[in-house]
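> quick check, what structure comes out for this input:
(one chain, ligands or ions: 1)
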Amino acid sequence: MREEALDFLALCHKELGWDEAKHLARKAAVIDAIESSATWQPSFEELEHGARVAWRNNARCIGRLFWSTLHVRDRRELVEPEAVAEDLLEHVRLASNGGKIKPLVSIYAAEDSQGAPLRIWNHQLFGYAGYGQQANGQYLGDPKNEAFTQVAQKMGWQGEGTHFDLLPWIIQKRGQAAQLFSPHDHDCRRVSLRHPSLEWFSDLGLEWYAVPILSDMNLRLGGLNFRAAPFNGWYMGTEIGSRNLGDEKRYNLLPLIADKMGLSRNRSDALWKDRALVELNEAVLYSFAEEGIYIVDHHRASSEFMRFVKKELSENRLVSGNWSWLVPPMSGSASELFHRGWKTRDYLPDYQLQPKGWR
Ligand code: ARG
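Modelled structure (predicted):
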């Protein structure tokens, strides 16, 4: 921890324009704190910068041009599940911002010598239940959330049984049983999907939620673990149109859309999947735009990413990147990112994967 904390203070010294005296003073204070209490407390300035740099460092994210605009809510004093659930609603409101989505992170109590004081078990604050395969052979809901849905059901939660049932929140305080919270439906902005020219599209009854708020990653900062630090940006259309709705292991909608489009699915070389993907993705971008909810298309996101890379180089920083995550999942070679190699580098701070809360 000491080493990571000192590296982090050096980063702040360099990037926040600290003078030598301030750097020395913070180093002394932090070493002291770690020696006496095996942990340390970042100042707000440090926490804010660290949370932003963690975004800048995350090798999987194509949206990093905007890292320095991340809004940071310091909620480290909160450990009571009721208070956290209440506070998450405030996060949702601020982040949704009437459609003009704000990148935002809310940081709750840090891990100490006894472990994490608090965990949010949800993968994202919004997500749809996955109920498994039904008698008719059809999958009901989002397979991605099947395990979480079962955990919630064991705790007494019951969904309505549609394809798009919002999941409850499960928040656990250390040493206590996890608690269920059900945000009201109107807390979550949802977008019904329609298509600018295919009139039947709206009859499919598809939707997605406006803001992806990742709530199961660990913010690793200065040797500390903030295991409850939900954050959001805005969506890139392909996340929904290609992956969430298109993947065979998710909503698997390409066959249905191809049928509605009157395409024959006999021959893969007629490219029916590709045609269906384009229409599905256009519907996502169109519907969000119509409702005034910010979303970025993959072409624009790619050029923004390349601007980020240039900007980082001009600050003498090399970007950490993971090719298979960065290249958009549609028309990959139309993105400049596709034609470049990317190296993942072990930069910290970062948002990291961690074991599921219920394991
Ligand atoms: N891919 C995830 C989803 O479709 C969201 C991941 C974060 N995405 C973002 N644009 N910040 O829900």
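> could you use CA atoms for every contact and neighbour count after this?
Will do.
> any idea of the pLDDT on residue 184?
pLDDT recorded at residue 184 is 84.
> now do the strands in the stretch 51-200 of the chain.
In the stretch 51-200 of the chain, the segments counted as strands under DSSP state E, counting those that start in this stretch are 71-74, 104-107, 118-120, 130-133, 139-141, 169-173, 179-181, 190-192.
> what is the fifth one packed up against?
Going back to what we said before, that points to strand 139-141. Applying 3 or more C-alpha pairs under 8 Å, 6 or more residues apart in numbering; DSSP states H and E, we find strand 139-141 packed against strand 130-133.
> picking that back up, same list (the strands of the stretch 51-200 of the chain) but as JSON lines, adding mean pLDDT, mean neighbour count and distance to the ligand.
Rendered in JSON lines, the data for the strands of the stretch 51-200 of the chain read as follows (pLDDT from 0 to 100; neighbours: other C-alpha atoms under 10 Å; distance: least, C-alpha to the nearest ligand atom, whole Å):
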{"stretch": "strand 71-74", "mean pLDDT": "98", "mean neighbour count": "18", "distance to the ligand": "14"}
{"stretch": "strand 104-107", "mean pLDDT": "99", "mean neighbour count": "24", "distance to the ligand": "10"}
{"stretch": "strand 118-120", "mean pLDDT": "98", "mean neighbour count": "27", "distance to the ligand": "16"}
{"stretch": "strand 130-133", "mean pLDDT": "98", "mean neighbour count": "19", "distance to the ligand": "14"}
{"stretch": "strand 139-141", "mean pLDDT": "98", "mean neighbour count": "20", "distance to the ligand": "14"}
{"stretch": "strand 169-173", "mean pLDDT": "98", "mean neighbour count": "22", "distance to the ligand": "16"}
{"stretch": "strand 179-181", "mean pLDDT": "98", "mean neighbour count": "17", "distance to the ligand": "20"}
{"stretch": "strand 190-192", "mean pLDDT": "98", "mean neighbour count": "17", "distance to the ligand": "13"}
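> show residues contacting stretch 48-67.
8, 12, 68-72, 105, 219-221, 301-302, 304-305, 307-308, 319-323, 325-326, 344-345, 347-351 (C-alpha atoms under 8 Å, 6 or more residues apart in numbering).
> redo that, cut-off 7 Å
With contacts defined as C-alpha atoms under 7 Å, 6 or more residues apart in numbering, stretch 48-67 is touched by 68, 70, 72, 221, 301-302, 304-305, 307-308, 320-322, 325-326, 344, 347-351.
> excluding its backbone neighbours, what's nearest residue 117?
Spatial nearest neighbour of residue 117, excluding adjacent residues (C-alpha to C-alpha, 6 or more residues apart in numbering): residue 174 at 4.9 Å.
> please name the residues that touch that neighbour.
By C-alpha under 7 Å, 6+ apart, the neighbours of residue 174 are 116, 117, 118.
> residue 301 too?
Listed by C-alpha under 7 Å, 6+ apart, the contact set of residue 301 reads 62, 63.
> show me which residues of the helix or strand harbouring it are buried.
For residue 301, the host element (DSSP states H and E) is helix 298-314. Within helix 298-314, the residues scored as buried using 16 or more other C-alpha atoms under 10 Å are 298, 299, 301, 302, 303, 304, 305, 306, 308, 309, 310.
> phi, psi of the closest residue to the ligand within the stretch 201-350 of the chain?
Using C-alpha to the nearest ligand atom, the closest approach of the stretch 201-350 of the chain to the ligand is made by residue 235 at 3.8 Å. Taking degrees, to the nearest 10, you get phi -80, psi 150 for the backbone angles of residue 235.
> surely it meets residue 295?
Yes - Residue 235 is within contact range of residue 295, at 5.2 Å (criterion: C-alpha atoms under 7 Å).
> which residues of the stretch 101-250 of the chain lie near the ligand?
With C-alpha under 6 Å from any ligand atom as the criterion, the stretch 101-250 of the chain meets the ligand at residues 212, 232, 233, 234, 235, 236, 239, 240, 244.
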